[in-house]
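Asks: take a look and give me a structure for this.
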Amino acid sequence: MLAHQLAIESDLITSDMVEVTEFPHLGHKYDVMGVPRTVIDETIHIEGAVPEQWLMQEFRKVLTSAS
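Replies: Below you'll find the predicted structure:
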């Protein structure tokens with residue numbers, strides 16, 4: 001849910017939710033072992049629900065490495 005909320009607030013963020021049993025190839029591609037699985041910029045993978053502050057810290061890592 002948090003990723004969707006962030007995508008609503010920013011044009012720089014997109015968010016998709018996928019039912020892995022309906023799209024097993026995506027589950028395999030992203031090595032899904034638990035849900036939710038959050039993937040940021042194809043480089044950071046977060047398994048399970050995490051606090052908002054933790055997710056924002058991961059976004060900052062991506063943003064600082066891009067600049």
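Asks: so what's the nearest residue to His45 once chain neighbours are set aside up against?
Replies: The shortest distance from His45 to any non-neighbouring residue, by CB to CB, 6 or more residues apart in numbering, is to Val39 (5.4 Å). Placement of C-beta: from N, CA and C, glycine included. Neighbouring residues of Val39 by CB atoms under 8 Å, 6 or more residues apart in numbering: Tyr30, His45, Ile46.
Asks: so where do the strands sit in the protein?
Replies: Remark: strands assigned in the chain by DSSP state E are 37-40, 44-47.
Asks: as a markdown table, those with mean pLDDT and distance to Phe59 would be great.
Replies: Listed next are those as a markdown table, based on pLDDT from 0 to 100; distance: least, CB to CB, whole Å:
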| stretch | mean pLDDT | distance to Phe59 |
| --- | --- | --- |
| strand 37-40 | 92 | 6 |
| strand 44-47 | 92 | 9 |
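Asks: most tightly surrounded among those?
Replies: strand 37-40 (a mean of 16; mean count of other CB atoms under 10 Å).
Asks: so what strands line up beside that strand?
Replies: Under the criterion DSSP bridges, strand 37-40 sits next to strand 44-47 (antiparallel) in its sheet.
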